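> Just a sequence and a predicted model for now, questions to come.
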Amino acid sequence: MNQNILSLICSYIFIFAVIAVAFILFRFAHLSKETTRKLIHIGVSNWVFILIYGIDSLPYALTGPVSFMIINAAFVYSGAAKLLGMGDRKRDNGLIYFPFSLIIMVLLYYNGMVASYDVIAGTLVMGYGDGLAALIGSKAGRHKYSVLNASKSWEGTAVMLAVSLIVLAVFTPYPFMKVLVIACVATFFEAVTPLGLDNITVPILTTILGSLI
């Protein structure tokens, strides 16, 4: 079987497996709505490895995120998101914005504007950085601040910075100062971008900065 077709099949199996696990945990382990949302967020970000190491054709590379964006939009706007305890339309839109960002990053990558590790960095900084920041911040965040009517915690922001530093140090060849600058920029935009739009600003800016500086 063609490698791209096999990787695309694996992509769908992987994404639906992540959602299925989240659904089971939500229904039977009584996870909170936010925890469920962020587990999906973190889990699906790992799809980037299938993209980079399993797909070498632009049409196939775009098929996954385009279809995920359409499926997620149907999931959110049909009300099916309530099955996973979701229902905050503004926050749930992040499920649509993330695959949109992947489409942009795929186009940048296949046009030679960014490297593979730039795309991995942008995706995992958003997936793990934002995801763990929200999870830990919601549980252990004691020192709150507000940005554009959104409540944040300094603990969550610290987690975002720390995870971003780790992701950039592990998955890219960037020198330390570049890692530090990009991690700080990603953390800043995660903190100040409203309405789930950090699912666009953080991965795209991280990916582009990785190529530019």
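Yep, that arrived. Owing to the predicted nature of the structure, the values given are computational and were not obtained by experimental measurement.
> can you list the weak-confidence ranges in this structure?
In the prediction, the chain carries residues with pLDDT under 70 at positions 1, 80-92, 141, 149-150.
> what about the strands in it?
144-147, 150-153 (DSSP state E).
> So which residue is dead centre in this protein?
Nearest residue to the geometric centre of the chain (C-alpha atoms, centre = their mean): G127, 3.3 Å.
> measure that residue to V44 for me?
Remark: distance between G127 and V44 (C-beta to C-beta, to the nearest Å) = 7 Å. From N, CA and C alone the C-beta is placed, and that goes for glycine too.
> Please apply the same query to V192.
24 Å.
> okay, those two: which has more neighbours?
A count of neighbours by other C-beta atoms under 10 Å puts V44 above the other of V192 and V44, at 24 against 13.
> show me what contacts the more buried one?
Neighbouring residues of V44 by C-beta atoms under 8 Å, 6 or more residues apart in numbering: 15, 18, 68, 98, 127.
> want to throw those residues into JSON lines with distance to I213?
Shown next, in JSON lines, are the contacts of V44 (distance: C-beta to C-beta, whole Å):
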{"residue": "I15", "distance to I213": "32"}
{"residue": "V18", "distance to I213": "32"}
{"residue": "F68", "distance to I213": "30"}
{"residue": "F98", "distance to I213": "24"}
{"residue": "G127", "distance to I213": "22"}
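> Neighbour-wise, give me the winner out of these.
Within the contacts of V44, F98 tops the neighbour count with 27 neighbours, counted by other C-beta under 10 Å.
> Is it in contact with M126, as I believe?
Yes - using C-beta atoms under 8 Å, F98 is in contact with M126, at 7.0 Å.
> anything in contact with each of those two?
Here F98 and M126 have 45, 199, 203 as joint contacts, going by C-beta under 8 Å, 6+ apart.
> circling back: so what's the residue nearest to the centre of the chain up against?
Contacts of G127 by C-beta under 8 Å, 6+ apart are 41-42, 44-46, 48.
> PyMOL command to pick out the buried ones of the residues you listed?
In PyMOL syntax, the buried subset of these is picked out as below (16 or more other C-beta atoms under 10 Å):
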select buried, resi 41+42+44+45+48
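> List the ones among the contacts of G127 that fall in helices.
Filtering those for membership in helices, criterion DSSP state H, returns 41-42, 44-45, 48.
> In CSV: those residues, plus distance to G131.
Below are those laid out as CSV (distance: C-beta to C-beta, whole Å):
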residue, distance to G131
H41, 5
I42, 4
V44, 10
S45, 7
V48, 14
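> follow-up on the earlier one: nearest to V163 among the contacts of G127?
I42 (10.2 Å; C-beta to C-beta).
> Now the closest one: closest residue in space that isn't a chain neighbour?
Nearest residue to I42, sequence neighbours excluded (C-beta to C-beta, 6 or more residues apart in numbering): G131, at 3.9 Å.
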